[in-house]
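Asker: sequence-free structure coming up:
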């Protein structure tokens, strides 16, 4: 319950900050859809498994995702906000690919932060 609550609030922000503008609406719905799908799967698994086996079955999904968090690059807007522009470029190249020129996108992030006077 706690993990799902954290996931459903944090992941849409990260998705919004890292996806291209034309893909944000599609990718932004993934956390809600996957949460609902997980509830349905657990419901059907719970009909045939005891609660302790159902908890162990949930670990099959939990463990790879937990270790996968280590490889997720930090959010470029967060890095720019914290004056780590070089890391923001590196993070952007991990997200978009090595051939992507992130100069315009980083400049746009800096422009938005300046508009809000760096006040999140």
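Answerer: Done, it's in. Worth saying up front: this structure is predicted, and the values here are computed from it rather than measured.

Asker: list the buried residues of the lowest-mean-pLDDT helix or strand in the chain.
Answerer: Ranking every helix and strand in the chain by mean pLDDT, DSSP states H and E puts helix 2-18 at the bottom, with a mean of 80. Residues of helix 2-18 classed as buried by neighbour count (16 or more other Cβ atoms under 10 Å): 11, 12, 15, 18. Every residue, glycine included, has its C-beta placed from N, CA and C.

Asker: out of the residues you listed, which is nearest to residue 88?
Answerer: Using Cβ to Cβ, residue 18 is the member of the buried residues of helix 2-18 that lies nearest residue 88, at 11.3 Å.

Asker: measure that closest one to residue 92 for me?
Answerer: For residue 18, the distance to residue 92 (Cβ to Cβ, to the nearest Å) stands at 9 Å.

Asker: quick one on the thing from earlier: show me what the least confident helix or strand of the chain is in contact with.
Answerer: Under the contact criterion Cβ atoms under 8 Å, 6 or more residues apart in numbering, helix 2-18 has outside partners 24, 27-28, 30-32, 35, 62, 72-73, 75-78, 95.
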